[in-house]
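> Sharing a model prediction with you, sequence too.
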Amino acid sequence: MLAAVGSAVGLGNIWKFPYITGEYGGGAFVLVYLICIALIGIPVMMAEILLGRRGRRSPINTMRELTRSEGTSPVWRLVGWGGVLTGFLILSFYSVVAGWAFAYVFEGAIGSFNGLDGDGAGALFGDLTAAPDRLIFWHTLFIGMTVLVVANGVRSGLERLITWLMPLLFVLLAILVGYAMAAGDFARGLHFLFDVDFSRVFTVCDEAGQCGYTAEPVLVAMGHAFFTLSLGMGAIMAYGSYMPRDASIASSTIMIAIADTLVALMAGLAIFPLVFANGLEPGAGPGLVFVSLPIAFGAMPGGQFFGTLFFILLVFAAWSSSISLVEPAVAWLTENEHLSRPKAAWIIGGLAWVLGIGSALSFNLWSGEEYQIFGKTLFDIKDYVTANIMLPLGGLAIALFTGWAVGRRLPESELGMRSARLFGAWHFTLRYIAPAGIVLIFLNAIGVV
Ligand code: TRP
């Protein structure tokens, strides 16, 4: 359970949630995201955990085992394979962002944040992302750290450390929210996050001033619900395989979802008041957190200490997430191919490292239009496609497999819920609401409905 919280709470909460909320205009986007967490994320997470606990293997072999024992089509095994691929792709940009956090630990420590204004913060971040060697250095270090932990098994010291560091991260976020109340434009931040104005979020205008409906925010909100809960690629299935028989899947899932959502909302409450008070652009993109929080650290009492500590905790949060991205692949390699865990971890990490070079270069050498597809850099594409397409597809398959293919008995016995009505409600949501929601959002995004 703690490992799953460690996996869920990461850059998705503190880096990605604020930046996409800023890009997609605030309140209405947040509401759609919360609905997706409740109606798609929670039921699918319960399904993913129960499959893992029933299979007790790596996701690839769990799916093979279950398709056999339940007599279903072998096509469902694609869930395992697709998940391994998705995990790779995510790690290959995740580690670059974790690298930014790493770099900022040192920037904080040497006092680079002191007295920073909006322009200064933008320049500090711009200098970092303009330097391929610096980005690749931190990316390499982060992949190395991830591999080291995975090589020694998921239940290593990091998880025990996270037990202490997570609450600390929470406290620090609370301090930042307090600071944002005192020094930021808190009212405006609050309105931005929680005023639901569908017309503003779901309208786009082109250069000629023509405005129309856009389905994209809904797709991105759903994608982020998967991303932030680590769903749809087998990470939670792999962790479920270590879960004790007597632990309650339903209550663990609810607790993970609540903790994860709280961290994201607190990050938003800390960041947006500062964004508005300092004249920053909420839609500034992936750098949003890295240009807003340093201003606060540069101005608050004890900011050098708090700033350094904050980015240290962010690196740890990213670290405990990234290990879950490689765990399905490594667990599979060690089961089937008779590789040792360290060897498997180095192979997977090495591949993600190579792929990650492209993410690092997306901000400098390969940032030009000739390197873009649909106006997106390699980094943007990996971020967009994994979260908004691959994870929801994985989640859809998990929902359909658990809800329809394996029958009712397996989930019923594995969940062991005391209330038949609650089980019924979950089963119904998993069979109908979650799949229909995912499919409708997909169809809506490509303009069919
Ligand atoms: N949930 C993590 C975050 O919010 C990222 C993550 C870890 C993830 N493992 C995952 C996302 C598996 C999707 C799938 O930072």
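Perfect, thanks for sending it. Numbers count the residues shown, from 1 in each chain.

> what residues does the stretch 1-150 of the chain put near the ligand?
By the rule CB under 6 Å from any ligand atom, the part of the stretch 1-150 of the chain lying against the ligand is 7-8, 10-13, 90. (Each C-beta comes from the backbone N, C-alpha and C, glycine too.)

> Among these, which lie within helices?
The subset of those located in helices under the criterion DSSP state H comprises 7-8, 11, 90.

> Which PyMOL command selects the buried ones in the residues of the stretch 1-150 of the chain next to the ligand?
The command below creates a PyMOL selection of those among those that count as buried (16 or more other CB atoms under 10 Å):
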select buried, resi 7+8+10+11+12+13+90
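
> Among the residues of the stretch 1-150 of the chain next to the ligand, which pair sits farthest apart?
13 and 90 (14.7 Å; CB to CB).

> Would you map the strands across this structure?
Shown for the chain, the strands assigned by DSSP state E span residues 203-205, 211-213.

> Out of those strands, which gets nearest to the ligand?
Nearest of the strands of the chain to the ligand, taken as CB to the nearest ligand atom: strand 203-205 at 26.7 Å.

> residues in contact with that closest one?
Surrounding strand 203-205, the residues in contact under the criterion CB atoms under 8 Å, 6 or more residues apart in numbering are 211-214, 216.

> Within the sheet, what are the partner strands of that strand, with directions?
strand 211-213 (antiparallel) (DSSP bridges).

> which ones are touching residue 43?
Under the criterion of CB under 8 Å, 6+ apart, the contact list for residue 43 reads 399, 426, 429-430, 433-434.

> which of the residues you listed are buried?
Buried residues within the contacts of residue 43, defined by neighbour count using 16+ other CB under 10 Å: 399, 426, 429-430, 434.

> Distance of residue 172 relative to the ligand?
Counting by CB to the nearest ligand atom, to the nearest Å, the separation of residue 172 from the ligand is 17 Å.

> ok, that residue - how many residues close by?
Close neighbours of residue 172, defined as other CB atoms under 10 Å, add up to 19.

> wait, it sits on residue 308?
No: taking CB atoms under 8 Å as the definition, residue 172 is not a contact partner of residue 308, at 10.9 Å.

> Tell me which two in the contacts of residue 43 are the farthest apart.
Distance extremes for the contacts of residue 43: the farthest pair is 399 and 426 at 11.2 Å, using CB to CB.

> any chance of the residues of the stretch 1-150 of the chain next to the ligand in TSV, plus pLDDT?
What follows is these, written out as TSV (pLDDT from 0 to 100):
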residue	pLDDT
7	93
8	96
10	96
11	97
12	97
13	97
90	97
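
> now, among the residues of the stretch 1-150 of the chain next to the ligand, which is nearest to residue 20?
Comparing these against residue 20 with CB to CB places residue 12 closest, at 9.9 Å.

> And the closest residue to that closest one other than its chain neighbours, how far from residue 309?
Leaving aside its chain neighbours, residue 12 sits nearest to residue 228 (4.1 Å; criterion: CB to CB, 6 or more residues apart in numbering). Taken as CB to CB, to the nearest Å, the spacing of residue 228 relative to residue 309 amounts to 23 Å.

> which one of the two has more residues nearby?
Neighbour comparison, residue 228 and residue 309: the larger count goes to residue 228, with 27 against 19 (by other CB under 10 Å).

> looking at it, the more buried one is touching residue 263, isn't it?
No: judged on CB under 8 Å, residue 228 makes no contact with residue 263 at a distance of 9.0 Å.

> residues in contact with the residue in the stretch 1-150 of the chain that the ligand sits nearest to?
Using CB to the nearest ligand atom, the point where the stretch 1-150 of the chain gets nearest to the ligand is residue 12, with a distance of 2.1 Å. With contacts defined as CB under 8 Å, 6+ apart, residue 12 is in contact with 224, 227-228, 264, 321.

> now, which of those residues lie within helices?
Per DSSP H, the contacts of residue 12 map to helices at 224, 227-228, 264, 321.

> Pick out the lowest-pLDDT one from those residues.
Comparing pLDDT over these, residue 321 scores lowest. The value there is 94.

> Identify the spatial nearest neighbour of it, chain neighbours not counted.
Distance criterion CB to CB, 6+ apart; nearest residue to residue 321, sequence neighbours excluded, is residue 10 at 3.2 Å.

> From residue 17, how far out is the one you found?
Note on residue 10: its distance to residue 17, by CB to CB, is 11 Å.

> what does residue 177 give?
Following CB to CB, the distance that separates residue 177 from residue 17 is 14 Å.

> Of those two, give the one with the bigger neighbour count.
For the pair residue 177 and residue 17, the greater number of neighbours falls to residue 17 (25 against 21), based on other CB under 10 Å.

> residues contacting that one?
The neighbourhood of residue 17, defined by CB under 8 Å, 6+ apart, consists of 33, 224, 228, 264, 267-268.

> okay if I get those as JSON lines plus distance to residue 130?
Written out in JSON lines, the entries for these read as follows (distance: CB to CB, whole Å):
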{"residue": "33", "distance to residue 130": "32"}
{"residue": "224", "distance to residue 130": "28"}
{"residue": "228", "distance to residue 130": "29"}
{"residue": "264", "distance to residue 130": "29"}
{"residue": "267", "distance to residue 130": "26"}
{"residue": "268", "distance to residue 130": "28"}
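
> Can you tell me which of these is closest to the ligand?
residue 228 (4.4 Å).

> OK, contacts around the closest one?
8, 12-13, 16-17, 37, 260, 264.

> what separates it from residue 392, distance-wise?
Distance from residue 228 to residue 392, counting by CB to CB: 13 Å.

> same check, this time on residue 100
The span separating residue 100 from residue 392 equals 26 Å under the rule CB to CB.

> Check residue 198 too.
Taking CB to CB as the measure, residue 198 falls 22 Å from residue 392.

> ok, the two, which is more surrounded?
When neighbours are counted by other CB under 10 Å, residue 198 and residue 392 differ, and residue 392 comes out ahead with 26 against 15.

> Isn't the more buried one up against residue 221?
No: in this structure, residue 392 is not within contact of residue 221 by CB under 8 Å, at 11.1 Å.

> where are the low-confidence patches of the stretch 201-350 of the chain?
Applying pLDDT under 70 to the stretch 201-350 of the chain picks out no residues at all.
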